[in-house]
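Asks: Fold the following and give me the result.
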Amino acid sequence: MWDTMKTINLFLILTIILGAAPTPLKQELKEDTEVTIECDRTTKKEKVFLKTTKEAPKSKDRRTGFHYKLYIPKGYHKSKSSRFPVMFIASPGGNANMHTFKQRLKEDRWVVVMLVESKNGNPDWFNNFIAAHDDVMKRCKIAKNGKFATGMSGGSRCASTYPMHRDGFQAVILQAAGFFYGVYDSYRPGVKVAISVGDSDFNKYEAQSVRRYLSKKCDYSTNYFKGGHSWAPTAVLNQMADWMEYMIFVRKDPRPPKAKATKGLFQWYYSNQLRKIKNASDDKIKYHLIRHTLSAVKNGKLDSNPVIKKDCTNLREIFTKLLTNADIQKEKQAMAHYKKVKLLDLAYRKKVRKGKKNKKTQGSSIKRLITGMEAFTAKFEGLTLLSGYNMI
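Replies: Residues are numbered from 1 along each chain as shown. Coordinates of the predicted model:
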């Protein structure tokens with residue numbers, strides 16, 4: 001008995017001195033539940049992507065590992081072959097959580113990594129991300145090239161650098177701040193960038209920095225709301241998530257990724273769309289959901305699956321019937337005209353990007369944009385457009 005007690009006490013003393021052991025990789029993960037994970041510090045020397053070497057964070061002398069809160073979605077264990085996207089979240093005060101993104105992340109079945117030590121003033125923000133990233137990729141069923149990141153204020157700046165440190169990131173959602181130390185023009189090509197700021201936020205002009213200075217090889221979306229320096233409202237986050245998913249899954253990309261590299265991610269999107277179509281009570285919403293779903297199946301080459309091919313046959317039949325609806329015909333006409341306005345908007349944005357200083361050409365571009373918007377508004381006055389579905 002005495003020997004047993006001495007052994008237990010020795011273990012407790014060593015735990016205090018050396019720090020708790022990392023969470024075992026085989027630990028059971030319960031669905032729709034958050035669990036705190038401790039992971040080892042990386043022993044590999046990491047090259048930090050920052051503007052100057054002076055800004056590289058210096059790690060504190062820690063005896064314990066790093067931590068993150070891990071959320072596992074419903075249906076995670078249903079199929080061994082299923083894969084899920086992962087959203088990394090950083091908070092300026094540390095101990096991050098899902099905030100106003102919670103409903104969307106849960107409903108759409110994301111794996112969520114909420115960093116604990118990463119916060120303003122802590123040089124270990126970088127090491128916390130690296131340790132958590134490398135751990136969750138071994139621990140969870142993550143879709144290849146299915147990585148995303150978001151954060152608010154200082155957490156947003158940290159999250160903006162993640163695609164420069166690890167491969168496989170599709171998009172970042174920046175909230176209440178732009179990039180880390182102004183890194184824009186050398187950003188990783190192909191990463192989608194959405195930024196949201198309140199109209200009274202002291203960082204609101206950073207949305208214009210994204211518009212002006214972000215690499216031309218990256219798509220972006222700027223989003224504003226009434227409010228101050230805060231996490232974006234749920235409605236705004238949903239709008240950014242809709243845009244992000246459209247750009248990745250629906251739009252025909254001139255340089256699409258290899259089908260094998262994103263198949264798991266496309267299948268995740270497809271299953272979410274089927275659920276939304278089934279639950280949609282409004283015909284216009286259903287019309288746009290089916291339209292996007294069929295495009296995603298084609299872009300992701302999912303129709304080689306006989307089950308999905310049969311589903312798509314049924315969706316096309318529903319789609320054909322919906323087209324007989326007069327309201328949807330008007331919606332379809334509005335979409336065609338709106339695409340022309342978007343092209344004018346794109347032409348204007350190109351003129352005002354970095355290096356385009358000619359005020360005369362900028363003026364003519366914005367004049368054409370305003371004229372196009374006025375014509376669109378006059379023709380479709382009173383038509384309720386559905387954000388996130390028919391605007392793109």
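Asks: Walking through the stretch 1-150 of the chain, point out its helices one by one.
Replies: 2-18, 102-107, 125-139 (DSSP state H, counting those that start in this stretch).
Asks: worst average pLDDT in those?
Replies: Here the lowest mean pLDDT among the helices of the stretch 1-150 of the chain goes to helix 2-18, at a mean of 47.
Asks: buried sites along the host helix or strand of residue 335?
Replies: Element membership for residue 335, per DSSP states H and E: helix 326-351. Within helix 326-351, the residues scored as buried using 16 or more other CB atoms under 10 Å are 328, 331, 334-335, 338, 341, 344-345, 348-349, 351. Bear in mind the C-beta positions are built from the backbone N, C-alpha and C, glycine included.
Asks: In JSON lines, list the residues you listed along with pLDDT.
Replies: As requested, those are exported to JSON lines (pLDDT from 0 to 100):
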{"residue": "328", "pLDDT": "88"}
{"residue": "331", "pLDDT": "82"}
{"residue": "334", "pLDDT": "84"}
{"residue": "335", "pLDDT": "81"}
{"residue": "338", "pLDDT": "81"}
{"residue": "341", "pLDDT": "82"}
{"residue": "344", "pLDDT": "82"}
{"residue": "345", "pLDDT": "79"}
{"residue": "348", "pLDDT": "75"}
{"residue": "349", "pLDDT": "72"}
{"residue": "351", "pLDDT": "72"}
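Asks: Which of the residues you listed sits closest to residue 299?
Replies: residue 335 (18.6 Å; CB to CB).
Asks: what's the distance between that closest one and residue 224?
Replies: Distance, residue 335 to residue 224, by CB to CB, to the nearest Å: 24 Å.
Asks: And residue 211, how close does it get to residue 314?
Replies: Separation of residue 211 from residue 314 (CB to CB): 42 Å.
Asks: Over to residue 278?
Replies: Look at residue 278 and residue 314: by CB to CB, they are 12 Å apart.
Asks: re the thing from before, residue 211 and residue 314: who's more crowded?
Replies: Comparing residue 211 with residue 314 by other CB atoms under 10 Å, the one with more neighbours is residue 211, at 17 against 10.
Asks: Give me the nearest residue to that one, chain neighbours excluded.
Replies: Residue nearest to residue 211 in three dimensions, not counting chain neighbours: residue 222, with 5.9 Å by CB to CB, 6 or more residues apart in numbering.
Asks: Appreciated, that's everything.
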